[in-house]
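> please work out how this folds:
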Amino acid sequence: MSNGDIFVGEVIGTAILILFGAGVCAAVTLRYSKARASGWVVIAFGWGFGVLAGAYTAAPLSGGQLNPAVTIGIAVDTGKWDKVWVYLLGETVGAMLGAVLAYLVYFAQFQANVRKESTTEGTADEPVPTLGIFSTIPEIRNPIANLVTEIIATMALVLPVLAFGLTKGLGESGTTVLIVSLLVVGIGLSLGGPTGYAINPARDLGPRIVHTFLPIPNKGTSDWGYAWIPVVGPLIGGALAGLVYNVAF
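Numbers count the residues shown, from 1 in each chain. Sure, this is the predicted structure:
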């Protein structure tokens, strides 16, 4: 695969992933959305379907990694680092693009984010915080615990992804991406409660950058003090998964 194919594939695939993922979070979070308050199970499946759509789309061009933690895990396992920077760049750009697209889909809902009581616009309710639509927020802010959660959850993603490569029938039948998508749903349901399961540095960082600059009324903080955890944690988890896989398999 050429660098150009890898970059384009990862941009398109990651953009689709984030469009679905941020889109389902917007659907569940924002007022005047028909899916409002439909819950965590809907969010977990929305992200899983995002992986399904994005990875299948990107696979012919780049293999559909869509996640720096997966990219690092593969590199640690194989020792092949020459294309890593292309994957990381494509994944980050794609995540930012996907966040912008999700914003455009829900533009009217974002603009209707309710105003403060002292104004005459909107309703008298408090505005809906919007960062959780784009990036992760821990339920309990404990940096060590949050970091450990992201490391373990990412290992739970990357180790099976690497192991799926040993199952020849999965690759030949094209069902690997489907299985990985269900794995992402499972991680969300089982391990996503503490931090919102970034398990993907680009998935958190790219949309957080976009959230910082988008003209969303009453959008609230972008919480850059926490932003290092969903980047560093998954990178450590991906690297550890690559090491474990290399030694054990």
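> pLDDT of the lengthiest helix in the chain, averaged?
Longest helix in the chain by number of residues (criterion: DSSP state H): helix 3-29. Regarding helix 3-29, the rounded mean pLDDT is 97.
> go on, stretch 151-169?
Here the average pLDDT along stretch 151-169 is 87.
> returning to that earlier point: and the helix or strand just after the longest helix of the chain, how far out from the chain middle?
As assigned by DSSP states H and E, the chain's next helix or strand after helix 3-29 is helix 40-62. Taking C-alpha atoms, centre = their mean, to the nearest Å, one finds the center of helix 40-62 at 10 Å from the center of the full chain.
> buried stuff in helix 40-62?
43-59, 61-62 (16 or more other C-beta atoms under 10 Å). (Each C-beta comes from the backbone N, C-alpha and C, glycine too.)
> re earlier: and the longest helix of the chain, what does it pack against?
Judged by 3 or more C-beta pairs under 8 Å, 6 or more residues apart in numbering; DSSP states H and E, the packing partners of helix 3-29 are helix 40-62, helix 84-105, helix 131-134, helix 201-213.
> using a markdown table, please lay out those together with distance to residue 4.
Formatted as a markdown table, these follow (distance: least, C-beta to C-beta, whole Å):
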| stretch | distance to residue 4 |
| --- | --- |
| helix 40-62 | 9 |
| helix 84-105 | 9 |
| helix 131-134 | 28 |
| helix 201-213 | 19 |
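> residue 149: which of those is closest?
helix 201-213 (13.2 Å; C-beta to C-beta).
> next, the angle from that closest one to helix 84-105.
50 degrees (axes from the mean of the first three to the mean of the last three C-alpha atoms, to 10 degrees).
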